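>>> give me a model of this one.
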Amino acid sequence: MKDKSTKSNGKKPIFKKWWFWVIIVVILAAIFGNSGTNDSIKDETKDAINSTEQQATSDKFVEDVKTAISGAIDSDNEAITDIALKDKDLCVTVDLSKADPSPLTIEDLAISRTSSITDAILELTGYDSQWNTITVDFGDVGKVVCDKDSIKENEAGGRYFPSENFTLK
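Residues are numbered from 1 along each chain as shown. Predicted coordinates for the structure are as follows:
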């Protein structure tokens, strides 16, 4: 009979057991198998976040425009009925139906209001990337479209659209 002290323990170390290696392979497969899926989820999440941020920036821009142009019209007889940003066209709709333009014509009043409104918008330089054109729509009177490329700058550094470009369409 063999002495217990000389008898080797019949247990194998854990790394020599077959089930240990099966578990390791399954864990590694799970880790590496999901790595590509995680990247696509991150990309989709980034796209959703960027879209949301862009929408939030557009909404903030429209709100800031509302604030900036609120003093550009006679609030008693004239009203800004809508401000919308669509496809980089900022459209400001103005109702002049109750306005008395005398001694000017209603067309002259519309041109004057276009200048006031666009000057106020051009002071918001941080949003230049949000728009390419500004359309000031006066309903039946007509509308004036101002393109970003026609912006001029005066000696004091103020930006404006030249009034000779203001034509009612």
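>>> need the contact list for residue 143.
135, 136, 137, 168, 169 (Cβ atoms under 8 Å, 6 or more residues apart in numbering). To be clear about C-beta, it is placed using only N, CA and C from the backbone, and glycine gets the same treatment.
>>> tell me if residue 144 really is in a strand.
Yes. Counting by DSSP: H, G, I helix; E, B strand; the rest coil, residue 144 is found in a strand.
>>> re the thing from before, in the contacts of residue 143, find the pair that's most separated.
Based on Cβ to Cβ, the longest span within the contacts of residue 143 runs between 135 and 168 and measures 11.7 Å.
>>> the two - which one has more neighbours?
residue 135 (18 against 15; other Cβ atoms under 10 Å).
>>> quick check: the residue lying closest to residue 71 once chain neighbours are set aside vs residue 90, distance?
Leaving out its chain neighbours, the residue that sits closest to residue 71 by Cβ to Cβ, 6 or more residues apart in numbering is residue 120, at 7.5 Å. Distance, residue 120 to residue 90, by Cβ to Cβ, to the nearest Å: 12 Å.
>>> settle it for me: which of the two has more neighbours?
Set residue 120 next to residue 90 and count neighbours by other Cβ under 10 Å: residue 90 wins out with 23 against 17.
>>> let me know the secondary structure of that one.
strand.
>>> quick one: it and residue 137 touch, right?
No. Using Cβ atoms under 8 Å, residue 90 is not in contact with residue 137; the gap is 11.0 Å.
>>> in the chain, which spans are helices?
All helices of the chain, identified by DSSP state H, fall at 18-69, 106-122.
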